[in-house]
Every structure is written in structure tokens, then in C-alpha cells.
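A.B. asks: Sequence and computational prediction follow.
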Amino acid sequence: MKLLILGGTTEATELGRALAGDARFDATLSFAGRTQRPLAQAIPTRTGGFGGIEGLAAYLRDHAIDALIDATHPFAAQMTAHAVAAAQQTGVPLLVVLRPAWVPGPGDHWTMVPGMADAAAALGPVPRRVLLTIGQKDLAPFTAAPWHDYLIRSIEPPSVALPQARFIAARGPFMLDDELALLQSERIEVIVTKNSGGGATDAKLEAARQRNLPVVMVARPQAPEAETAPDAAAALAWLARRHAASPRGV
Ligand code: NAP
């Protein structure tokens, strides 16, 4: 089976590792090309946008793709919407790998907000020391709250300049002890994060809990209208079932 995996996540990398050397599948992993130094992958990769829904549909047809796995980040809503539309248009089966969202537990002080502008507003009128862990492309709304002292942590440098901001380049997974040390040394008073889910970046939430710090949590975009799997193992099981049922299978 020829597979196209839309990646940029831990799950996509894991799935690629599981598929490498599996004679049943011929998989290509696709990157948007956002990071300068992408991690090495176990299967062939391609990089760059497809050119919208039509471009993706053309790729699926031209490369005779038998199944499309959208393992992009839960906040990569445009790519996922394009995957849903292109799969409908071409009849190529689609599975969206969607890791469960984080939910607050005892000891958490989360303010849930629907979007990034609401997150900036939720920081309030009094200057605070803010750890911003939302990636580098959604920073613009924070220019409306320039009185806070921002520490921006992302893989790539910020795309927007904030008046009182410093940047640390870092890529998960993050460890609890490091997160606790960062909160302490930087005297962080509040964390802003997207509800990405998953274990690679959730240590900051445990650290906030231990330090009794508030978290502004940006809600996910609407879930796609497509079949979903919570992780790479479930996606692999889905693929194995499809392969067994296909005319070319076993
Ligand atoms: P997005 O806004 O949903 O997508 C914007 C456009 O980028 C898409 O329409 C597509 O261009 C291209 N694109 C996105 N993912 C692609 C992929 N895997 N392969 C080829 N083209 C892709 O996406 P985004 O939020 O900027 O995310 C970009 C990448 O970073 C994704 O791979 C995602 O998994 C990863 N990522 C995103 C976040 C996040 O918070 N958004 C966090 C961690 C990792 P065309 O329309 O031209 O096809």
C-alpha cells in the first residue's frame, strides 16, 4: 500500500519508524518545511505545501496513494481541513491521528480561552512575567498586551517582535526538573500554552501545578469530521486492517 503521512509531530515520526522496513507499506512522510533542522526520519520524506486542496488531491492521484494519514499537530487546522476535503474528492481513505487533549486535574489553575487574542487579554492589565509556549507563528495578538514581560520558547525564532520579550530556542520533550528550574530562575508568574496534548510537552503543566502557577490554556480548533486514532500504534493497527482487507493484501 502506498501511504502519504502528513507529519511534523512525534506521532508521525513514530509511525514512520514502525513502517520502515515493513514490506506491506511504501510510505512517504510530508513536512511543511517550517523548521530549519527537521529531525532525521526512518522513511522517505518530502517537504513543502501541496498547493491547497486541489494540489493535495493531485498528489494523491499522481502518486497512486492508497491511504492518507494526517498526523499533523492538533492546531494545524488548515492542513487537516485540506486532508479531509482532498480525501473526499479522491476517495482515498483518510485517518487523522489526534492525540487526546489535556484536561485539568486537582491543583491546576487553568483559564480556558478559545483563541490567542483571548489568551493575551486573559493576562490582564497588571504586568506579569509570562512563559509563552505557543510556537512562533501565533504571537501577533500579544502585541496588544505589551506591558508583560514575555519569555518565548519555541523551535524557531519568533516571527513577531514583542517589546519586552526574550527568546529561548528549544524542542521537546521537556523534563519536569528542567521546567521547574526554568519557572524558578525566570520568576515566571503565568504560562500560556495551546492544548496540544501528549506527553512530550506536558511537564510544564505538572511544574505549574507544583508551583501553584496559573496557566492560560488555548482550546483546540474544532475536531475534523474524519475517522481518528489517538496515537501511532492505533494508526498502525488501522493500516494493518486496511492492508489485510485490500485486494493486494496478504
Ligand atoms: P496549517 O496552518 O494547518 O497549514 C498551513 C499550510 O502549510 C497547509 O495548507 C499546507 O500548505 C502546509 N502544510 C502544513 N502541514 C504540512 C505538511 N505536513 N506537509 C506539507 N504541507 C503542509 O499548519 P501549521 O499549523 O502551520 O503547521 C505546519 C507544520 O508544523 C505541520 O506539519 C504541523 O504538524 C507542524 N506543527 C504545528 C504546530 C502548531 O501548533 N500549529 C505545532 C507543532 C508542529 P498547502 O495548502 O500549500 O498544501
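C.D. replies: Cool, got the structure.
A.B. asks: going forward, measure contacts and count neighbours with C-alpha atoms only.
C.D. replies: Noted.
A.B. asks: Break the protein down into its structural domains.
C.D. replies: Using automatic domain parsing, the domain parsing of the chain gives 2-100+222-249, 110-218.
A.B. asks: Output those in CSV; the columns should cover mean neighbour count.
C.D. replies: Rendered in CSV, the data for the domains of the chain read as follows (neighbours: other C-alpha atoms under 10 Å):
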stretch, mean neighbour count
domain 2-100+222-249, 17
domain 110-218, 17
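A.B. asks: mind giving me a markdown table with these and columns for mean pLDDT and distance to the ligand?
C.D. replies: Shown next, in a markdown table, are the domains of the chain (pLDDT from 0 to 100; distance: least, C-alpha to the nearest ligand atom, whole Å):
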| stretch | mean pLDDT | distance to the ligand |
| --- | --- | --- |
| domain 2-100+222-249 | 96 | 3 |
| domain 110-218 | 96 | 6 |
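A.B. asks: how about the helices of the protein, start to end?
C.D. replies: Applying DSSP state H to the chain gives helices spanning 10-19, 52-62, 77-90, 116-122, 176-185, 203-211, 232-245.
A.B. asks: Let me have these in TSV, extended by distance to Lys137.
C.D. replies: Converted to TSV, these look like this (distance: least, C-alpha to C-alpha, whole Å):
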stretch	distance to Lys137
helix 10-19	19
helix 52-62	19
helix 77-90	14
helix 116-122	11
helix 176-185	22
helix 203-211	20
helix 232-245	26
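A.B. asks: how about the spatially closest residue to Gly197 that is not a sequence neighbour, what does it touch?
C.D. replies: For Gly197, ignoring the flanking residues on the chain, the nearest one in space by C-alpha to C-alpha, 6 or more residues apart in numbering is Ala101 at 4.4 Å. Neighbouring residues of Ala101 by C-alpha atoms under 8 Å, 6 or more residues apart in numbering: 195-198.
A.B. asks: out of those, who's nearest Ala85?
C.D. replies: Closest to Ala85 out of these is Ser196 (23.1 Å), distances taken as C-alpha to C-alpha.
A.B. asks: can you tell me which residues contact that closest one?
C.D. replies: Applying C-alpha under 8 Å, 6+ apart, the residues near Ser196 are 73-75, 101-102, 220.
A.B. asks: any idea which of the residues you listed is the one closest to Arg211?
C.D. replies: Among those, and counting by C-alpha to C-alpha, the member closest to Arg211 is Trp102, at 18.5 Å.
A.B. asks: how about the strands in this structure?
C.D. replies: Taking DSSP state E, the strands of the chain run over residues 2-6, 26-31, 45-47, 67-70, 94-97, 109-113, 129-133, 149-154, 165-169, 190-194, 214-218, 228-229.
A.B. asks: Now tabulate those strands in CSV and tack on distance to Ala119.
C.D. replies: Below are the strands of the chain laid out as CSV (distance: least, C-alpha to C-alpha, whole Å):
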stretch, distance to Ala119
strand 2-6, 28
strand 26-31, 28
strand 45-47, 32
strand 67-70, 27
strand 94-97, 26
strand 109-113, 6
strand 129-133, 10
strand 149-154, 13
strand 165-169, 16
strand 190-194, 7
strand 214-218, 6
strand 228-229, 28
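A.B. asks: Of those, which is nearest Leu183?
C.D. replies: Leu183 sits nearest to strand 129-133 of all the strands of the chain, at 8.2 Å, using C-alpha to C-alpha.
A.B. asks: Quickly run through the sheet partners of that closest one, with directions.
C.D. replies: strand 149-154 (parallel), strand 190-194 (parallel) (DSSP bridges).
A.B. asks: Just put those in TSV and tack on distance to Gly55.
C.D. replies: Listed next are these as TSV, based on distance: least, C-alpha to C-alpha, whole Å:
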stretch	distance to Gly55
strand 149-154	29
strand 190-194	29
